[in-house]
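Visitor: Below are the sequence and a predicted model; questions follow.
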Amino acid sequence: MTIRIAFQLISLFLMISFPVGCSHTNGDLTTTKRHSPSYVVGGNSQDTVIVFVHGIFGDSYTTWQNKQGLYFWDLMKDDDIFKNSAVFAYGFPSPLLDGGFSIDQAVADMSLHLRNSHVLDHKQIIIVAHSMGGLVAERFLLTFQTAVGNKVPLLFLYSTPQEGAAITRVVTRVSRNPGVEQMLPGGNNQYLANLEQEWRQAQEDRRISTKIVCAYELQPTYGITIVDQLSGTRFCSGVSYPIDANHIDIVKPSSTGDKSYIALRMAVDDVLKNQHLKSESEVERRRIVLRSLRNEYILSHDGISPELAAGTAWPPLDWINDRLSKLGESWNVAYGRNVSELQFKDLPSKKASYLKDVTGNWKVQFIKGSTIINSSMNLKQIGPEVTGVIPTGDGTRGDLKGQYDGKVLTLSRETGMMGTVQRYSLEVKDSKRLEGTYWNEGPPQLQDKGIVTLSLD
C-alpha cells in the first residue's frame with residue numbers, strides 16, 4: 001500500500017467521523033450529547049417508535065444531519081406516514097483511532113438504553129440503521145428476541161456491509177476500533193458468517209419475523225466505494241433501493257423528495273398497511289371465537305332464550321370471559337351500547353417477577369430435542385456486568401461473561417475450541433427462574449442450539 005493511498009483512506013475516515021456542512025448547527029452538541037440515546041420526537045406514549053442506529057465512527061445526531069442543518073427525523077414530522085410515531089436516536093461510542101464498542105458491546109448497551117427509556121414498551125418498533133449500525137441491529141434482534149418478540153416488523157438498512165467492506169483491510173492499520181475488524185470482507189470473517197446463519201435459522205424457525213429492506217449507495221465517497229451493492233443487500237427481502245448518494249450522504253436527505261427518504265417512507269407505509277390488515281384479521285378471528293362460544297353455551301345449557309337461540313343475544317359475560325381465559329386468550333369482552341353488542345378488551349400483559357440480581361449458584365438444564373443435560377452455574381453480578389463459571393466435561397473453558405438488565409440475562413463463553421463461542425439469552429420468569437436459548441457460534445461441525453433454564457433452590 002502506498003503512502004498516498006493510506007493518506008487518502010485516513011482522510012476519508014476523518015471525513016466520516018467529522019461530517020462537513022453541519023458546524024453551524026452543532027454548537028450545542030457536546031461529545032457526550034452526540035452519543036446520548038434519547039427520544040428526539042415524541043415519547044413512549046405512542047404505539048409506534050422508530051429507532052435510528054448510526055454506524056462506525058458516527059453518532060446519534062450528525063450521522064443523520066444534512067447540509068441545511070436538518071436531521072432525518074425533522075423531515076418526518078409533517079409526514080402523515082410518520083406523524084403518529086415517536087423517534088428514538090440510539091448512539092454508542094465509536095471513535096476513529098482508539099477504543100469504541102464492538103458490535104456485541106453496542107448490542108448490550110443498546111438493550112440497556114432501550115429498556116431504561118421504555119422504548120421496548122411500544123407496541124411496534126421500526127429500526128433504521130446506517131452502515132455497521134445494521135449489524136448491531138441484527139445482532140440485537142437475535143440476542144433479545146425473547147424480549148422484543150414480534151414487535152419489530154421492519155429493519156431498514158442504509159449501506160450496511162453485510163458481507164464486510166474492503167476498505168476495512170486498510171483501516172485496521174490505523175484504527176483500534178473493534179468494530180472495524182468485525183466488518184472485514186471475505187469468507188474468513190466468522191462473525192459475519194455466523195450472523196447470517198443465525199438470522200436465516202431464526203427466520204426459518206419463525207423466531208424472528210422482521211422484514212429487512214435495504215438501500216445502497218451508488219456514488220463513491222471521496223473516490224472510494226465503502227459498501228458495494230452485493231454486500232449492502234445480502235440479507236434483504238424483495239427489492240433493494242439504489243440511492244444516488246455516497247456512503248455518508250445516503251442518510252442525510254435534503255428534502256422529502258430525496259430517494260433515500262422516499263425509500264424509507266414506502267417501506268414503513270407497506271408495514272403499516274400490513275399491520276392494519278393483520279388487525280382486521282384478528283378482529284374477525286375474535287368474532288369467530290365468540291360465535292363458537294355462543295354455540296357451545298347453547299348446546300351445554302338448558303332454558304336458552306329465543307334471542308340467544310336466534311343469535312341476537314350473548315351468554316353471560318362471566319361465562320364468556322372465563323372460557324376465554326381457559327382458552328389462553330389475551331382479551332375479554334364487555335357490553336357495548338346494548339346487551340346484544342360486545343366490545344373487545346385487551347388484557348394487560350403478565351410481567352415477570354422482579355429479580356434484582358443474578359448472583360448465586362444456579363441449577364442449569366440444557367434441553368435439545370429429547371436430550372436433557374443437567375449442570376450448574378455460579379454467577380456474580382456487579383452493576384449490569386455479570387461474570388461466572390460453568391463446569392465442562394469436554395476440556396473447554398467454562399468462564400462466562402455478560403450483562404443483566406433486570407429482565408434479560410445475556411452470557412457468552414469462549415470455549416477455546418476452534419474459535420467457538422457459546423451464547424445464552426435468558427428472560428426472567430420469576431424470582432428464582434430464567435428461561436431462554438443457547439447457541440454455538442463457530443465451525444459448522446461445532447454449531448449447536450437448544451433451550452436452557454436456570455433455577456435456584
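Guide: Received the coordinates, thanks.
Visitor: give me the low-pLDDT residue ranges for the stretch 201-350 of the chain?
Guide: For the stretch 201-350 of the chain, residues meeting the criterion pLDDT under 70 lie at 275-279, 339, 349-350.
Visitor: can you give me the helices in the stretch 101-250 of the chain?
Guide: Taking DSSP state H, counting those that start in this stretch as the test, the helices found in the stretch 101-250 of the chain are 103-116, 132-143, 145-148, 168-171, 178-181, 190-204, 229-232.
Visitor: ok, longest helix in this protein?
Guide: Looking across the chain with DSSP state H, the single longest helix is helix 259-300.
Visitor: moving C-terminal of that helix, what's the next helix or strand?
Guide: Per DSSP states H and E, the first helix or strand lying C-terminal to helix 259-300 is helix 306-310.
Visitor: Who are the packing partners of that following helix?
Guide: On a contact count with 3 or more CB pairs under 8 Å, 6 or more residues apart in numbering; DSSP states H and E, helix 306-310 meets helix 259-300. Glycine gets a C-beta too; all of them are placed from N, C-alpha and C.
Visitor: Let me know the outermost residue of the protein.
Guide: In the chain, counting by CA atoms, centre = their mean, Gly303 sits farthest out from the average C-alpha position, at 53.9 Å.
Visitor: measure that one to Pro315 for me?
Guide: Gly303 sits 12 Å away from Pro315, going by CB to CB, to the nearest Å.
Visitor: Correct me if wrong: Ser260 contacts His247.
Guide: No: the criterion here is CB atoms under 8 Å, and Ser260 misses it with His247 at 11.8 Å.
Visitor: and Val364, what element?
Guide: Per DSSP H and E: strand 360-368 holds Val364.
Visitor: Can you give me the buried ones in stretch 252-259?
Guide: 252-253, 258-259 (16 or more other CB atoms under 10 Å).
Visitor: ok, the residue nearest in space to the middle of the chain to Gln203 distance?
Guide: Nearest to the mean C-alpha position of the chain, counting by CA atoms, centre = their mean, stands Leu141 at 3.4 Å. Distance from Leu141 to Gln203, counting by CB to CB: 11 Å.
Visitor: for Ile81, helix, strand, or coil?
Guide: Classification of Ile81 using DSSP: H, G, I helix; E, B strand; the rest coil returns coil.
Visitor: Can you give me the distance of it to Gly328?
Guide: From Ile81 to Gly328 the distance is 35 Å (CB to CB).
Visitor: Same drill for those two, tell me which one is more crowded.
Guide: Ile81 (14 against 6; other CB atoms under 10 Å).
Visitor: what's near enough to touch the more buried one?
Guide: Each residue near Ile81 by CB atoms under 8 Å, 6 or more residues apart in numbering is listed here: 265, 268-269, 272.
Visitor: how does it look with 7 Å?
Guide: Taking CB atoms under 7 Å, 6 or more residues apart in numbering as the criterion, Ile81 is in contact with 265, 268-269.
Visitor: Using TSV, please lay out these together with neighbour count.
Guide: Formatted as TSV, the contacts of Ile81 follow (neighbours: other CB atoms under 10 Å):
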residue	neighbour count
Arg265	17
Val268	23
Asp269	14
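Visitor: can you tell me which helix or strand Val358 belongs to?
Guide: Using DSSP H and E, Val358 sits within no helix or strand.
Visitor: My understanding was that it contacts Asp405; is that so?
Guide: No: assessed by CB atoms under 7 Å, Val358 is found out of contact with Asp405, at 10.7 Å.
Visitor: hey, C-alpha coordinates of stretch 377-394 in PDB?
Guide: Output of stretch 377-394 as PDB, limited to C-alpha atoms (Å, rounded to 0.1, in the frame of the first residue of the first chain):
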ATOM      1  CA  MET A 377     -23.600 -22.200  37.000                       C
ATOM      2  CA  ASN A 378     -22.000 -19.800  39.500                       C
ATOM      3  CA  LEU A 379     -22.700 -16.200  38.700                       C
ATOM      4  CA  LYS A 380     -21.500 -12.900  40.200                       C
ATOM      5  CA  GLN A 381     -23.100  -9.500  39.300                       C
ATOM      6  CA  ILE A 382     -21.500  -6.000  39.800                       C
ATOM      7  CA  GLY A 383     -23.700  -3.300  38.300                       C
ATOM      8  CA  PRO A 384     -25.000  -4.700  35.000                       C
ATOM      9  CA  GLU A 385     -21.900  -6.700  34.400                       C
ATOM     10  CA  VAL A 386     -22.000 -10.500  35.100                       C
ATOM     11  CA  THR A 387     -19.200 -13.000  35.300                       C
ATOM     12  CA  GLY A 388     -19.200 -16.600  36.300                       C
ATOM     13  CA  VAL A 389     -18.200 -20.100  35.500                       C
ATOM     14  CA  ILE A 390     -19.900 -23.300  34.300                       C
ATOM     15  CA  PRO A 391     -18.200 -26.700  34.800                       C
ATOM     16  CA  THR A 392     -17.400 -28.500  31.500                       C
ATOM     17  CA  GLY A 393     -16.600 -32.100  30.900                       C
ATOM     18  CA  ASP A 394     -15.100 -31.800  27.500                       C
END
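Visitor: Mind listing residues that contact it?
Guide: Counting by CB under 7 Å, 6+ apart, residues outside stretch 377-394 touching it are 112, 357-362, 364, 375-376, 398-405, 409, 411, 413, 454.
Visitor: For PyMOL, write a command that selects the buried ones of those residues.
Guide: Command for PyMOL, covering only those of the contacts of stretch 377-394 found buried under the criterion 16+ other CB under 10 Å:
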select buried, resi 112+358+362+364+398+400+402+403+404+405+409+411+413+454
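Visitor: Ser260 and Leu157: what is the separation?
Guide: Counting by CB to CB, the gap from Ser260 to Leu157 is 12 Å.
Visitor: Compare these two and say which one has the larger neighbour count.
Guide: Leu157 (30 against 22).
Visitor: longest strand anywhere in the chain?
Guide: As assigned by DSSP state E, the longest strand anywhere in the chain is strand 371-382.
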